[in-house]
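Novice: I'd like to go over a predicted model; first the sequence, then the structure.
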Amino acid sequence: MEAKMKTMLNGQFIFKDRQTVICKYCRGEFKYHRITSSLSNHLRTKHAFSSPQSHSHSQQLSQNSNLHQPTLVPLQEKDRTRSIDPHKHENITYAIARWIAMDARPVNIVSDNGLQEVLRIATGCQHYKLLNGPKTDACIVDLFKLEKSKIQTSVDRMAHIALTVD
């Protein structure tokens, strides 16, 4: 019966006794009462790398006496192949242009390495690159022209306008 229990979560927990299991990744002890939902929840929340695709990795860990978490390099390599949808890239570019225009930020902020890294993490695309300064300038000009035309349309529809100066 014990061998059957070990295979329930693909060998990611070691049985200490009939009611106690030990996580192979963090060596945390958990009570086992024939229900694996709390153990699965532990794997999902504390060890996101332990997915069904990582069974071979967990089998390698079970053969080693020195148990440890794998490095993040394989996960990062997997993410490097992701690309971002062009429409989403354009939306992000215009959102940054609005942020620069509305909050009086310097345009050269788009060349900031920290902002690049934040956007790479947020998009999940390691190849994400912000547009350079002139392209951002063009986005800001487009936004200005759009706002100007909205205001012009509103003004054209008005019968009377009252301007006051304090």
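Specialist: Received, thanks.

Novice: Check the gap between the residue nearest to Ile161 when sequence neighbours are not counted and Glu147 for me.
Specialist: When the adjacent residues along the chain are set aside, Ile161 lies closest to Val155, with 6.7 Å between them (Cβ to Cβ, 6 or more residues apart in numbering). Placement of C-beta: from N, CA and C, glycine included. From Val155 across to Glu147, the span is 13 Å (Cβ to Cβ, to the nearest Å).

Novice: What of His33?
Specialist: 62 Å.

Novice: Of these two, which one has the most company?
Specialist: Set side by side, His33 and Glu147 show more neighbours around Glu147, with 11 against 8, by other Cβ atoms under 10 Å.

Novice: Need the three-state assignment for the most centrally placed residue in the chain.
Specialist: For the chain, the residue lying nearest the average C-alpha position, counting by Cα atoms, centre = their mean, turns out to be Ala122 (4.6 Å). Put simply, Ala122 is helix when judged by DSSP: H, G, I helix; E, B strand; the rest coil.

Novice: so where is this protein shaky, pLDDT-wise?
Specialist: In the predicted model, the chain carries pLDDT under 70 at residues 1-8, 49-82.

Novice: where along it do the helices fall?
Specialist: Per DSSP state H, the chain carries helices over the ranges 2-6, 37-46, 55-63, 73-80, 86-102, 113-123, 133-157.

Novice: could I get the ones you listed as TSV with distance to Leu163?
Specialist: Formatted as TSV, the entries for those read as follows, by distance: least, Cβ to Cβ, whole Å:
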stretch	distance to Leu163
helix 2-6	80
helix 37-46	60
helix 55-63	70
helix 73-80	55
helix 86-102	24
helix 113-123	40
helix 133-157	11
